[in-house]
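**Student:** Using only what follows, build the 3D model:
(one chain, ligands or ions: 4)
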Amino acid sequence: MDGMYAQELEVAVKAVHMACSLCQRVQRRLVSAAAAENHVLSKDDDSPVTIADWGVQAIVSWLLSESFGSQNVSIVAEEDIHALSNSSSEKLLSSVVEIVNECLDEASKFGLQKPNKVIRSSEVLEAIGRCNATGGPHGRFWVLDPVDGTLGFVRGNQYAVGLALIEEGQVVIGVLGCPNYPLNKELLSYHHQPYHNSKLPSGSYDLWEKGCVMFARRGSRKAWMQPLAHQDMQVEWPYEAKLISVSSVHDPAMATFCEPVEKANSNQSFTAELAHTVGLRKQPLRVYSMVKYAAIARGDAEVFMKFARCGYKEKIWDHAAGVVIVHEAGGVVTDAGGRPLDFSRGIFLEGLDRGIVVCCGSILHEKIIGAVYASWDSSNL
Ligand SMILES: Nc1ncnc2c1ncn2[C@@H]1O[C@H](COP(=O)(O)OS(=O)(=O)O)[C@@H](OP(=O)(O)O)[C@H]1O
Ligand SMILES: [Mg+2]
Ligand SMILES: [Mg+2]
Ligand SMILES: [Mg+2]
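**Tutor:** Ligands and ions are numbered 1, 2, ... in the order given. Here you go, the predicted model:
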């Protein structure tokens, strides 16, 4: 990790590894219905939030502040402390504090310094609440989605931790933790049973079998993947990193496209029409979270399309890390008008033309953008 942003990238990768470890602990506990009740809440818009969302936001914010000084760190992130700070949420907050300390205790596993004392609830709240930057065109800020695909997470399925650094409106580094990403791509659409791992005798599974962290630096033309450390496995930091790159498939008939699982999050009949128009023949791969970007970057799928319903504004933390990783792995990411996504206008991807189109290469990309023009008028978006 030499060159520009080397230190930022190193800290971000370590922080995402630790965040993934936190998520894995929580996901294992969610298996018990009784625990799930205390660990999953609904937000005002009815979307779920869990102790993992707050725990990851706290831990990443805390680690970034420790590494760069809190006065130098500005973070735009999804969660806030509202639901955690009222008097009825004491138990919830103590679960978050407990999991944060449990994970920080293992800091050395990820090449990080363990704190010399226990982190108190006020510090956890402070770390979460500090992530209230609003982005914009100037300066430097981090963008964090502590758990992307929270729905997938609570269902024991795919989810991601996304961390990116934006400078002068451009995403300069991206790190994506995908704890359930299978090495065997056929298993991407498989319903994961996360707790199965814990039943395996230690050492009987391959380090690369499931779970990875992907990362890239803008302009490097390289994207990397590291395995996650599995429970009970003694692996020394730094972990081995492999180069990844997009698929070389350009024939639509051979290509796989992925899209959100939830019908509410993308117009699946419109994407089916686009797929048909350009000659994509395979069944769509429906995957939760930015794991869809990971699948493109790793060459496990060729196209990702998301057309949110009219009026929904995409947020920068749902895309920043994925976009730079796909781009450096050789892929193309634009809106449906063919323009790059604009991360310089606050927390939303303002000005996004209709939807997001991610492809392994320009041939497929041009076909899809062309099909959007042809289909748009007849669509009911
Ligand atoms: N109505 C609507 N339309 C589009 N997108 C929405 C919508 N509501 C929420 N979100 C955001 O979608 C994030 C999850 O997107 P996915 O592509 O992973 O969708 S899906 O979970 O596979 O269905 C999800 O991220 P997380 O909240 O981090 O899970 C939301 O930020
Ligand atoms: Mg998200
Ligand atoms: Mg989220
Ligand atoms: Mg959410």
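**Student:** Stretch 281-296 vs ligand 1: in contact?
**Tutor:** Yes - using C-beta under 6 Å from any ligand atom, stretch 281-296 comes into contact with ligand 1 via 288-289. (C-beta placed from N, C-alpha, C; glycine too.)
**Student:** Alpha carbons of that stretch, as CSV, please.
**Tutor:** Only the C-alpha atoms of stretch 281-296 are listed here, as CSV (Å, rounded to 0.1, in the frame of the first residue of the first chain):
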residue,chain,number,x,y,z
ARG,A,281,-30.5,-14.3,-21.0
LYS,A,282,-29.6,-15.5,-17.5
GLN,A,283,-31.8,-15.1,-14.5
PRO,A,284,-30.9,-12.0,-12.4
LEU,A,285,-28.7,-12.5,-9.4
ARG,A,286,-30.5,-10.7,-6.5
VAL,A,287,-28.0,-9.9,-3.8
TYR,A,288,-28.3,-7.5,-0.8
SER,A,289,-26.0,-4.6,-0.4
MET,A,290,-22.8,-3.3,-2.0
VAL,A,291,-21.8,-7.0,-2.4
LYS,A,292,-23.3,-6.3,-5.9
TYR,A,293,-20.3,-4.0,-6.6
ALA,A,294,-18.0,-6.6,-5.1
ALA,A,295,-19.4,-9.2,-7.5
ILE,A,296,-18.7,-7.0,-10.5
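**Student:** Buried ones in it, by neighbour count?
**Tutor:** Of all the residues in stretch 281-296, those buried under the rule 16 or more other C-beta atoms under 10 Å are 284-296.
**Student:** ok, now stretch 267-274?
**Tutor:** Buried, per 16+ other C-beta under 10 Å, within stretch 267-274: 267-268, 270-271, 273-274.
**Student:** go on, stretch 110-121?
**Tutor:** 110-112, 115, 119, 121.
**Student:** Same question for stretch 352-364.
**Tutor:** Result for stretch 352-364 [16+ other C-beta under 10 Å]: buried residues 352, 354-361, 364.
**Student:** got a pLDDT number for the closest residue to ligand 4 within the stretch 101-250 of the chain?
**Tutor:** When scored by C-beta to the ion, the stretch 101-250 of the chain has residue 150 as its residue closest to ligand 4, at 4.9 Å. Looking at residue 150, its pLDDT reads 96.
**Student:** if you skip the residues just before and after it, what's nearest to it?
**Tutor:** Once flanking residues are discounted, residue 150 sits nearest to residue 48: 4.8 Å by C-beta to C-beta, 6 or more residues apart in numbering.
**Student:** pLDDT of stretch 155-162, averaged?
**Tutor:** pLDDT averaged over stretch 155-162 gives 95.
**Student:** wait, what's in contact with residue 132?
**Tutor:** 75, 80 (C-beta atoms under 8 Å, 6 or more residues apart in numbering).
**Student:** so it bridges to which residues?
**Tutor:** residue 76 (DSSP bridges).
**Student:** Up against ligand 3, what does the stretch 51-200 of the chain have?
**Tutor:** 78, 145, 147-148 (C-beta under 5 Å from the ion).
**Student:** The nearest residue to residue 133 once chain neighbours are set aside: neighbour count?
**Tutor:** Spatial nearest neighbour of residue 133, excluding adjacent residues (C-beta to C-beta, 6+ apart): residue 74 at 4.2 Å. By the criterion of other C-beta atoms under 10 Å, residue 74 has 18 neighbours.
**Student:** how much space between residue 74 and residue 9?
**Tutor:** Remark: distance between residue 74 and residue 9 (C-beta to C-beta, to the nearest Å) = 17 Å.
**Student:** same question, residue 99
**Tutor:** Taking C-beta to C-beta, one finds residue 99 at 26 Å from residue 9.
**Student:** And residue 284, by the same measure?
**Tutor:** 33 Å.
**Student:** picking up where we left off before, ok, the residue of the stretch 101-250 of the chain closest to ligand 4 - how many residues close by?
**Tutor:** Neighbour number of residue 150 under other C-beta under 10 Å is 22.
**Student:** how about the longest helix seen in the chain, does it reach ligand 1?
**Tutor:** In the chain, assigned by DSSP state H, the helix with the most residues is helix 6-30. No - using C-beta under 6 Å from any ligand atom, we find that helix 6-30 stays clear of ligand 1, coming within 12.1 Å at best.
**Student:** and that helix, what does it pack onto?
**Tutor:** Contact here means 3 or more C-beta pairs under 8 Å, 6 or more residues apart in numbering; DSSP states H and E; on that basis helix 6-30 packs against helix 33-39, helix 51-68, helix 90-104, strand 140-148, helix 150-154, strand 160-167, strand 170-182, strand 210-217.
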